[in-house]
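Engineer: I would like to see how this sequence folds:
(2 chains, ligands or ions: 2)
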Amino acid sequence: MIPEPRADGLSPAAYRVVGRALPRFDVADKVRGATQYAADWQMPGMLVGRILRSIYPCARIRRLDVARARALPGVAVVLTARDLPRSGVEEDPTGAGLLRFTTPILADGVVRYQGEPVAIVAAASDASARAALAAIEVEYEPLPGVHDAEAAARRGAERVHEGRDNVFVHWKLRRGDVETGFRGAAAVVERTYRTQRVDHAYLEPEAGVAWVDADGVITVRASSQVIEHFRALAEILGLPHNRVRVIAPFLGGGFGGKEDMTVEPYVAALAWATGRPVRMVWGRDESLLARPKRHAFVMRYKTGAARDGSLLAQEISLLADAGPYPLLSPRVLFAALVVGCGPYRVPHVRIDARAVFTNNVPASAMRGFGAMQMTFAYEAQMDLIAHALGMPPAAIRERNFLRKGDRLPTGEAAGTYVALPELLRRAQDALGERSRPSGPTARVGRGIACNMQPYGRTVWFQDRASAWLGLEADGSLVIRAGVPDLGGGQAASLAQIAAEVLGVSVERIRVHVGDSALTPLAGGTFATRQLYMSGNAALRCARELRAEIAPVAAALLEAAEADLEFADDHVGVAGAPDRRVSLARVVAECSRRGVPVSRLSAFQGERSAPPDLDTGQGRTFPDYTYGCHAAEVEVDTETGETRLLKYAACHDVGRAINPQSVAGQIQGGAAMGIGQALGEEIALEAGVNLTTLFANYLMPTAPDLPDIQAIVLESGEGRGPFGARGIGEPPTGPPLATIAAAVADATGVRPLELPITPERVFRALAGRAGTKEGR
Amino acid sequence: MSAAAGAPREWPDRVALRFALNGRAVDAWAAPHDTLLAVLRDTLGATEVKYGCGEGVCGTCTVLLDGAPINACLTLGVHAQGRTITTVRGLAAAAGAPGTAAGDMHPLQRAFVAHEAAQCGFCTPGMLLTAYALLADHPHPTRAEIRTALGGNLCRCTGYTRIVDAVEACVRARQGGDRA
Ligand code: FES
Ligand code: FES
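Structural biologist: Ligands and ions are numbered 1, 2, ... in the order given. Next up, the predicted model:
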C-alpha cells in the first residue's frame, strides 16, 4: 500500500491532499445508516410496482389478458407493451454503424428468455400488486428455443430472431501472418477454455422510485450507473428529452449490472400512467433470474513461441453467449478482442471474436468487460508454453512483456509506462515463504497472472465529461458532477482533486452527484472511466477557477500570482507564512470586482474513427492499467477441494488519488475474480435458471478468503488527473488465471473450465492416469 | 414488502405491536405473516435495515433482538413484541461507553470509516451489528474468529480484508484500554 517511487526512478511529485488516505465523507454517512439508497425513498401515496415475468425461456404469447387484474381492488394500473408509446428504443450497440436493434421493454407476442418482462402493475400495496400479477392471464405456446451457443453459431441453426443471423457481432483482428509465425515456432500450444456465466450480485437489488413532479417532469430516482438514460426513457414515453430526469443516489454496488437500464423504464411508465409515485424493488430471485450476466466465453487459443520463449503467433477464436438481445455485447467483445494477447508483444495475430444470440439469460456489462475472461486463457497459454519450453512462468512473461512504445496487436502504440516487471516481482515476493501442506493428501501450489485492462471508452465514442465548481461566500466549495457513485469513492475523489488545487479543506467541500437535471452530465460510471474522465474535468475546472480568482488574491496580498499558495482554506504567499487571506475574503473581493467564483468545465477524451473493420487496426482505447497477481492454494487431492491460502494483487495505478480507496478497489476486485474462479456460476438448463437464490449462488464469504494484499505502484504515467490510471475493473481480471495456475502447480492438472469446483478437480485428478496434460 | 402502516380494517387479523427500537418505544400494526424487516422498513421507516435477499443468506437485514444478531427477513414482526431491537442507528447509544462522547459513532463505526471498511455501504449496517455482537460476547477474537463470525454477512465490494482490519483495530484499541 505504500506508494513506490516512480518506476522510472523519479520520485512522485509532492501533493498536499492527493495521495493521502483521507476518510471518505460518504463512508461516514454509510456507517451511521444515514444513506438513502434507491429503495429507501418514500413518498406520500406511493404505489408498489411489480413485473410479470415470462416463465418460459422461449415461447409465443397466444393470449395476454389483463382485464381481471385491472379490476382488482387496490390496483392502479396494469400495462403491457401495447400501452407504452414505444416499447423500446432503436440503437446501434456497436457505435460503429454495424447494427440496428430495438430491445423490447415489455415482450410483445413472444418471449425470448426466462424472466423477460411481459406486463407491469402498480398497486396500493405489495399484496395487491402480487394479486394483480396472479390475475393476469397469459397463454404461452412454449418453443424449444436455442440454448447452446456453439450450436447457435453453426450454419442452419434455429434462429432466435426471425430474419437475423444468430451471430450478430464478428470483430476481426489481423496482424502479420500467423502461419509464418507458427512455422518458425519451437513450441505450439492449443487449448480451448471456457468461462461461466456469473452474476454481479451487488447486495443492493435493483430499485427505484418514479414520480411526476409539480412541473410535469417525470423523475426517476433509481440505482443506476447511467443517468443519461433519461433520453431513452423520454423516447419510450413519447416525451421531449427535457421532460424526464434521472437521479442516481449512492448505489449499493453496480459492477456493470446497473449500466443497462433496470427498473427505470418500468417505474417511469407506471408513474406516467398513474400520475402517482411508484416504487419498484426487485427481489433477489428476480435479479438472479433475469438480469444480464457476465458472458460465458468459449476461447480457442493457439500460441506459438520460439525456443528462447519469444511469442511468435496467437490465433484466437472467441464465442460469447449473449442471450437474446445485443445490449452491450458488441462492446464487451471488442474489449476482449483488443486485449486477447494480453500484455505481450506478438508479431503475428489473428483473432475472431463473435457474439451469438440464444434464448439464455442476457449477458452484458460486468466489471472486467470481456477483457477479464481473456486473461484466463492467455495467461494459461503462457504457462503451458513455458512448460513446453522448460522455462519458469515468470521468465516467459518477462521475455515478452510489452514496453511503452511497443505496438499492440491493433497496431497502435502502448502509450504509457508498462510497469509489469516490477509488478511481477512485487506480487511474487508478497507471498513470502511457501506454506507446508496441512495433511498427507494436501498439495500446495502457486500461480501468477498478469493482465492489461483498458480504462475509458473506445475512442470512437468521443467521450466527454463535465463538472461544475463554485466557491461559496464563506469559502466553502460546492462540486456538481453527474457522476453516479457506485461505492468506489467516485464522489469523494472529486473533492480530493479540487482540494488539492483550490486549497479548500475536504471537510468544507460538498459534492452533489448523479442528477441529470441539476448536475452537469459526466457520462455513466462504467468502463473504469469516471476518475479518468470526471477526475480530469474536475481538475481542469479547479485549475480554471483558480486562475480566475488568483489575480484578485494576488492584489489583496500584493504578491505575484506565481507566488500564491492555495492551502488550508487560505491563499498565502510562498515563503511568507504570515501573509495570507482566507478564501472567504478572496470570494468577497471577487464579488466586489465582479469576478465569477464558479465555473463549468468539460474534459474531452481522445476522438478517433473506429478501427479498420477487416483487420482491427487503428486507435481503440485511451490507455490501459497493468497488473500482476500471485496466489498460493492448497488442494486436497482426496476431495478435490481448493483452499486459497495467500493472495497478492499488484497494480500500477499511475497515481493514487486516495491510496486507501485504491487498495480497496484492488482487494474487492480481486475477491470478485476469486469468486468466479472457485465457486460462482449461474447455471442454466435449456434456458431455465437453476440459481435464483443466494443460497445456491456461491459467493466468497469472509471465512472463505485470506487477507488480500493490495500492492499499489505509482508510475506517475496515466491519462487521468495527476497521472492516475483507472482501477475499478483491472483487479477483477487476473484471479481466474492466477488460481488456475496455482491449482495446476499443486496437482499437475490445468483447469480449462470454470469454476474450479471440487468435483472438477477430483474428476481431473481421477482421469489423469495415462493422460499427459501439461501444467 | 407491504406499504400499509396501520390499515386494521382491510386486515382484521392485524395485531398491535409494541417494542423498543433503538431505545424508544414504538407501536406498529402488523399482519401475523409480516416479516420484521417489512415492519421495520415500511411501517416504521427504519430503512437503515436493508433487504438483500429475503432468504437469510446475505445478512444485510441483520438487527439485534435483545442483543443477539438475527436476520430480520426471516423473523416475523410479531416476534419483536415486548422486546428490544437495535439497528445500526442505535449502535452509538448502545455503546454507552467512553469513546462515544467524541461523536455520534460507536468505536466500530469510527474504525470502519478510518479503514474504509465500507465501499457501497449496503452490507455495512449488518456487518457492524454482527461485529458488535461478536465483541460483546468475545472481546478478544483472532482474525480467523472475526472472519468466522462475519460468515453470515456477505460483502461484494471489499473482499472483507478491510472489514476484518477495522474490527481488529477496535479489539486492539480496547486491549490497550484494558491494560491501561
Ligand atoms: S435480506 Fe435477510 S439475509 Fe438477506
Ligand atoms: S461495501 Fe458494498 S457490499 Fe459491502
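
Engineer: Give me the domain ranges for chain A.
Structural biologist: For chain A, automatic domain parsing gives the domain ranges A:12-35+A:464-604, A:38-143+A:206-281, A:296-458+A:611-768.

Engineer: Any figure for the gap between the nearest residue to B:A144 once chain neighbours are set aside and A:I756?
Structural biologist: Spatial nearest neighbour of B:A144, excluding adjacent residues (C-beta to C-beta, 6 or more residues apart in numbering or on different chains): A:P703 at 7.7 Å. Where you see a C-beta, it was placed from the backbone N, CA and C, and this is true even at glycine. When distance is defined by C-beta to C-beta, to the nearest Å, A:P703 is 18 Å away from A:I756.

Engineer: So for those two, which sits in the more crowded spot?
Structural biologist: A:I756 (24 against 14; other C-beta atoms under 10 Å in any protein chain shown).

Engineer: what's near enough to touch the more buried one?
Structural biologist: Counting by C-beta atoms under 8 Å, 6 or more residues apart in numbering or on different chains, A:I756 touches A:T642, A:A677, A:L678, A:I739, A:A740, A:V743.

Engineer: can you check A:E91 too?
Structural biologist: A:E91 sits in contact with A:R100, A:F101, A:T102, A:T103, where contact means C-beta under 8 Å, 6+ apart.

Engineer: tell me the pLDDT at the third one?
Structural biologist: Spelled out, that is A:T102. A:T102 carries a pLDDT value of 96.

Engineer: Is it correct that it is in contact with A:A81?
Structural biologist: No. Counting by C-beta atoms under 8 Å, A:T102 sits too far from A:A81 to count as a contact (11.6 Å).

Engineer: Looking at these two, which one has more neighbours?
Structural biologist: Neighbours per residue (other C-beta under 10 Å) separate A:T102 from A:A81, with A:A81 holding more: 19 against 12.

Engineer: quick one, phi psi at the residue in the stretch 201-350 of chain A that chain B sits nearest to?
Structural biologist: Relative to chain B, the nearest point of the stretch 201-350 of chain A is A:G252 (3.2 Å; C-beta to the nearest C-beta). Backbone torsions of A:G252, given as degrees, to the nearest 10, read phi -90, psi 50.

Engineer: before we move on, back to that, select, out of the domains of chain A, the one closest to B:D42.
Structural biologist: Closest approach to B:D42 among the domains of chain A (C-beta to C-beta): domain A:38-143+A:206-281, 8.5 Å.

Engineer: The closest one and ligand 1, are they touching?
Structural biologist: No. Against ligand 1, domain A:38-143+A:206-281 shows no contacts by C-beta under 6 Å from any ligand atom, the least distance being 11.6 Å.

Engineer: can I get the CA coordinates of stretch A:405-412 in PDB?
Structural biologist: Output in PDB follows, covering the C-alpha atoms of stretch A:405-412 (Å, rounded to 0.1, in the frame of the first residue of the first chain):
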ATOM      1  CA  GLY A 405       6.000   2.400 -27.300                       C
ATOM      2  CA  ASP A 406       5.600  -1.200 -28.400                       C
ATOM      3  CA  ARG A 407       2.900  -1.900 -30.900                       C
ATOM      4  CA  LEU A 408      -0.300  -3.600 -29.600                       C
ATOM      5  CA  PRO A 409      -1.900  -6.200 -31.900                       C
ATOM      6  CA  THR A 410      -4.200  -3.300 -33.100                       C
ATOM      7  CA  GLY A 411      -1.100  -1.500 -34.500                       C
ATOM      8  CA  GLU A 412      -1.300   1.400 -32.000                       C
END
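
Engineer: how about the strands in chain B?
Structural biologist: Remark: strands assigned in chain B by DSSP state E are B:15-21, B:24-30, B:62-65, B:68-71, B:84-86.

Engineer: Paired strands for the first one, with orientation please.
Structural biologist: Partner strands for strand B:15-21, per DSSP bridges, with pairing direction: strand B:24-30 (antiparallel), strand B:84-86 (parallel).

Engineer: Out of the ones you listed, flag the one nearest ligand 1.
Structural biologist: The minimum distance between ligand 1 and these falls on strand B:84-86, with 14.5 Å, by C-beta to the nearest ligand atom.

Engineer: A:H651: helix or strand, and which one exactly?
Structural biologist: strand A:642-652 (DSSP states H and E).

Engineer: what about that strand, near chain B?
Structural biologist: No. Strand A:642-652 lies apart from chain B when judged by C-beta under 8 Å from any C-beta of the partner chain; the minimum separation is 8.9 Å.

Engineer: Check which residues of that strand are buried.
Structural biologist: A:T642, A:L644, A:L645, A:K646, A:Y647, A:A648, A:A649, A:C650, A:H651, A:D652 (16 or more other C-beta atoms under 10 Å in any protein chain shown).

Engineer: How about stretch A:513-523?
Structural biologist: Within stretch A:513-523, the residues scored as buried using 16+ other C-beta under 10 Å are A:V513, A:G514, A:D515, A:S516, A:T519, A:P520, A:L521, A:A522, A:G523.
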